[in-house]
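[1] generate a structure from the sequence data that follows.
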Amino acid sequence: MKVFAIAFSLTLLFLCGGVIVRAQGVIVPIVCDVRPCRPLPRPLPLPNALPVKSIKLDTKISGQVATTHVEQVFRNDTPFTLEGTYFFPIPEGASISEFAIWENGKKLVGEVRSREQARQIYDAIVRRQRDPGLLEYAGQNLLQASIFPIPPNSDKKLELTYTQVLKADSGTVAYRYPLGTGHNLWRQPQRGWEGPVPPSAVRREMPSQQFGTISGTIEIEARNSIRNIYSPSHTIDIKNITERSAKITFETSGSNKDLELFYTVSDDDFGLSLITYRETGKDGYFMLQLSPKADIRESEIASKDIVFVIDTSGSMADEGKMDKARASLLFGIRGLRAGDRFNVINFAGEEHLMEKGLIQADDAGKKRGISFVEALRPNGGTNINDALKAGLRQFDRSERPKMMVFMTDGLPTVGVQNVDAILKNAAAIKVPGLHLFNFGVGYDVNTRLLDKLAAENSGVADYIQPKEDIEVKVSKFFAKVNSPVMTGIELDMGSVQADLVYPRNITDLFRGDQITIIGRYKNDSSLNNAVIKLTGTFAGKRQTFTYNGLDFPERAETNTFLARLWANRRVGWLVEQIRNNGENKELRDEIVDLGTRYGIVTPYTSYLATDGSFQIDGASGENNVVPPSISGVARQKSAAPTAAMDVSGRQAVSESLRAQEKKDMRSLADDEAQTSRDVRKVDLKTFYLFGGVWTDGEFDPKAGLDEVKLTFGSDEYFDLVSQQPDLAKYLSLGEQVVIVWKGKVYRIVK
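    Predicted structure coming up:
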């Protein structure tokens with residue numbers, strides 16, 4: 001078998017301690033028709049790294065031993081033969097069992113070179129190319145391979161297999177694959193090349209350097225039941241083959257986040273997982289996830305009381321809304337269990353009850369409900385106040401789970417029309433334990449009314465926008481809430497000093513569902529072997545489940561995503577408070593601060609890519625714009641208070657949906673879609689591009705911090721990377737960067 005040479009580094013290149021893997025495999029090319037390459041000065045466009053056509057990941061986890069097989073396909077779109085240096089960051093504790101390159105359909109297996117050769121190759125490339133993107137690989141164990149030839153206009157496929165033992169903290173197993181930070185190589189301007197020019201070479205612009213498809217399959221085998229499978233980084237599809245095995249798949253393109261996957265193994269009736277993150281000397285962040293066992297028996301599902309209240313005013317005839325609402329309501333009724341009780345109320349100018357009180361959801365009851373709903377026809381105005389009161393009065397004081405589904409497409413036009421009066425009347429008939437789920441259809445709804453009703457009754461308001469299918473959205477909701485497993489949930493955090501925990505109120509837990517709780521903890525020192533107690537009604541009786549051996553450490557370097565998730569939930573909650581209760585300066589300022597620090601789009605902050613300026617918006621439409629000449633990210637707030645946020649119309653619905661989305665955020669998979677090309681998020685920091693300078697969102701020119709000014713590519717610059725390797729991931733953004741780090745400002749200039 002033909003063998004080629006690989007440069008393989010078993011030690012860290014910049015002499016630093018262990019760090020998290022934050023980059024994927026890349027090929028850094030130079031033009032080279034024949035070896036040895038003979039540099040000739042003639043600049044032509046050349047990519048900093050070859051575009052990635054595809055990445056396929058196949059991982060098998062047995063117990064806590066993971067074997068990962070990776071297939072990467074790179075594309076040489078140039079008209080030149082290239083030589084490339086391949087870099088791959090080796091996960092901590094991983095053992096590489098195979099590395100191979102495909103050439104003309106043949107698989108060529110590699111061999112290992114010494115660490116001295118590896119470091120010489122890396123240092124030479126960083127200095128020669130003056131490419132800060134390569135600094136993302138500083139401080140990591142690297143596999144390096146010299147690859148030649150890479151023919152013009154062709155693909156180059158590489159395969160890599162490695163094995164590692166996964167760590168479990170507080171019973172939660174973590175798996176990571178480096179997909180992320182190598183993207184800064186592709187974001188740098190294309191450089192000229194120096195090398196022999198083939199006679200056929202044609203001067204042309206290189207195509208945009210983008211990623212192709214990234215896909216993967218992860219199979220898990222465990223001795224106990226697998227629970228709480230979760231990815232904060234990617235949208236995943238989970239297929240539970242058995243209680244003790246699961247298959248996870250994902251597919252994306254252009255992802256700039258490492259793949260992160262967590263799961264727990266437990267045979268408890270309710271599985272609990274814990275993930276933490278904390279910087280020394282600061283508040284920590286935690287995520288708790290709760291899920292019921294998969295094999296829930298029918299006898300363990302709680303019988304519920306549910307009232308359906310549906311708007312049948314004349315406007316529901318438009319665009320087939322009534323037909324779709326009727327179909328979704330029929331779906332909900334047909335799915336009820338024999339032990340459930342229900343009623344249906346329709347309203348226009350006045351309310352009409354199917355029955356005076358709740359009826360049993362047996363065959364006869366369902367038949368009655370179906371007949372009533374099928375006969376509904378749209379006509380008249382919209383009397384929300386009386387319909388709400390009629391629905392709330394249906395419930396008794398029993399311990400059964402209680403739900404009310406309220407659907408309307410309009411503003412109150414009949415009877416009491418003042419929103420505050422309607423809210424007051426609903427509060428006067430407060431039903432203990434009720435969950436009120438509101439659906440607003442279209443844009444002509446009062447979002448403040450529906451949002452606040454839901455918030456005050458442990459529910460959620462959702463909106464069905466024009467061209468959305470009412471039947472699909474509402475039927476999906478019915479399918480979720482139809483099987484409550486634990487109700488009246490209470491969580492006792494024991495000695496954990498939890499703070500600003502979201503959601504504020506934990507709702508019922510349903511079959512196949514998962515509750516995700518995110519908050520901060522403020523303990524002065526590490527808290528090991530903490531105890532958390534979960535209490536709720538399960539299988540007809542009040543029960544308490546105790547979870548031991550949970551750690552809330554004083555320092556936990558991994559899982560930085562938790563801080564961003566918490567900030568998004570906090571912003572969602574703050575925006576909801578303003579929408580429901582009116583604006584005040586304290587809430588507004590906190591939204592602006594969190595939005596700026598973490599790069600979160602809010603009603604008050606947005607980023608303008610047109611001129612690179614950061615904008616703070618008021619709901620009135622007035623703006624405070626910080627021009628690019630100011631070398632600090634916007635810390636200013638609007639001088640004058642703004643008007644109240646819209647309560648009706650397209651903008652109001654969009655703002656309500658965004659606030660709810662942030663309140664419920666479980667993953668950062670779609671976070672980048674809201675970010676301008678002139679905003680970069682690196683760990684907890686957010687950088688904004690001002691006048692060609694990547695500026696840390698924490699930088700405040702008025703703070704008076706000591707400033708260290710360094711020239712990019714100088715000896716002092718590389719000394720800084722060597723002495724503080726954690727800075728490398730920020731320096732990789734470009735040749736001009738401003739970073740706030742450990743009480744100092746580091747300013748990198750050309």
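[2] what comes up buried for stretch 599-608?
    599-605, 607 (16 or more other Cβ atoms under 10 Å). The C-beta positions use only the backbone N, C-alpha and C, and glycine is treated the same way.
[3] need the worst-confidence member of the residues you listed.
    Within the set of those, pLDDT is lowest for Tyr607 (42).
[4] how near is Glu399 to Lys541?
    10 Å (Cβ to Cβ, to the nearest Å).
[5] if you could redo that for Leu388, that was the one I meant.
    For Leu388 relative to Lys541 (Cβ to Cβ), the value is 33 Å.
[6] the more surrounded of the two?
    Ranked by neighbour count (other Cβ atoms under 10 Å), Leu388 and Lys541 place Leu388 first, with 28 against 6.
[7] for that one, list the residues it contacts.
    The contact partners of Leu388, by Cβ atoms under 8 Å, 6 or more residues apart in numbering, come to 309, 406, 422, 425-426, 453.
[8] let's go with 7 Å and repeat that
    406, 422, 426 (Cβ atoms under 7 Å, 6 or more residues apart in numbering).
[9] longest helix in this structure, please.
    helix 561-581 (DSSP state H).
[10] quick one: that helix to chain centroid distance?
    14 Å (Cα atoms, centre = their mean, to the nearest Å).
[11] and the contacts of that helix?
    Under Cβ under 7 Å, 6+ apart, the answer for helix 561-581 is 232, 275, 277, 285, 287, 448, 451-452, 455, 500, 502, 518, 520, 587, 590-591, 594-595, 598, 600, 602-603, 645, 656, 659-660, 662-663, 665, 668, 684.
[12] how about 6 Å then?
    232, 277, 285, 287, 451-452, 502, 518, 587, 591, 594, 598, 600, 602, 645, 659, 662-663, 665, 668, 684 (Cβ atoms under 6 Å, 6 or more residues apart in numbering).
[13] same question, stretch 236-253
    211, 213-222, 225-226, 229, 234, 294.
[14] between the two ends of it, how far is it?
    13 Å (Cα to Cα, to the nearest Å).
[15] do stretch 722-729 as well
    13 Å.
[16] in it, what counts as buried?
    Result for stretch 722-729 [16+ other Cβ under 10 Å]: buried residues 724-729.
[17] thinking again about what came up before, so after the longest helix of the chain, what's the next helix or strand?
    Note on helix 561-581: by DSSP states H and E, the next helix or strand toward the C-terminus is helix 585-598.
[18] and that following helix with helix 561-581, angle?
    On the basis of axes from the mean of the first three to the mean of the last three Cα atoms, to 10 degrees, helix 585-598 is oriented at 150 degrees to helix 561-581.
[19] okay, the buried residues of stretch 722-729 in JSON lines with distance to Val496 and pLDDT next?
    JSON lines is the format used below for the buried residues of stretch 722-729 (distance: Cβ to Cβ, whole Å; pLDDT from 0 to 100):
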{"residue": "Gln724", "distance to Val496": "33", "pLDDT": "85"}
{"residue": "Pro725", "distance to Val496": "33", "pLDDT": "80"}
{"residue": "Asp726", "distance to Val496": "28", "pLDDT": "83"}
{"residue": "Leu727", "distance to Val496": "32", "pLDDT": "88"}
{"residue": "Ala728", "distance to Val496": "34", "pLDDT": "84"}
{"residue": "Lys729", "distance to Val496": "31", "pLDDT": "85"}
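[20] what helix or strand is Ala426 on?
    helix 419-427.
[21] and that helix, what's its mean pLDDT?
    Mean predicted confidence for helix 419-427 is 94.
[22] all strands for the stretch 1-150 of the chain, in order.
    3-8, 26-31, 41-46, 52-62, 65-76, 82-89, 95-103, 106-111, 142-150 (DSSP state E, counting those that start in this stretch).
[23] meant to ask about the stretch 401-550 of the chain, not that
    402-408, 434-441, 460-464, 484-492, 498-502, 509-510, 515-521, 527-538, 541-552.
[24] pairing partners for the last one, with directions?
    What it means is strand 541-552. strand 527-538 (antiparallel) (DSSP bridges).
[25] and for the strand it pairs with, what's in contact with it?
    486-494, 496, 544-552.
[26] now those: which count as buried?
    486-489, 491, 493, 496, 545, 547, 550, 552.
[27] tell me the two of those that are most distant?
    Thr487 and Phe552 (27.9 Å; Cβ to Cβ).
[28] how about JSON lines for the strands of the stretch 401-550 of the chain, with distance to Thr161 and mean pLDDT added?
    JSON lines is the format used below for the strands of the stretch 401-550 of the chain (distance: least, Cβ to Cβ, whole Å; pLDDT from 0 to 100):
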{"stretch": "strand 402-408", "distance to Thr161": "51", "mean pLDDT": "94"}
{"stretch": "strand 434-441", "distance to Thr161": "49", "mean pLDDT": "92"}
{"stretch": "strand 460-464", "distance to Thr161": "45", "mean pLDDT": "90"}
{"stretch": "strand 484-492", "distance to Thr161": "41", "mean pLDDT": "92"}
{"stretch": "strand 498-502", "distance to Thr161": "41", "mean pLDDT": "93"}
{"stretch": "strand 509-510", "distance to Thr161": "40", "mean pLDDT": "90"}
{"stretch": "strand 515-521", "distance to Thr161": "33", "mean pLDDT": "94"}
{"stretch": "strand 527-538", "distance to Thr161": "36", "mean pLDDT": "92"}
{"stretch": "strand 541-552", "distance to Thr161": "33", "mean pLDDT": "92"}
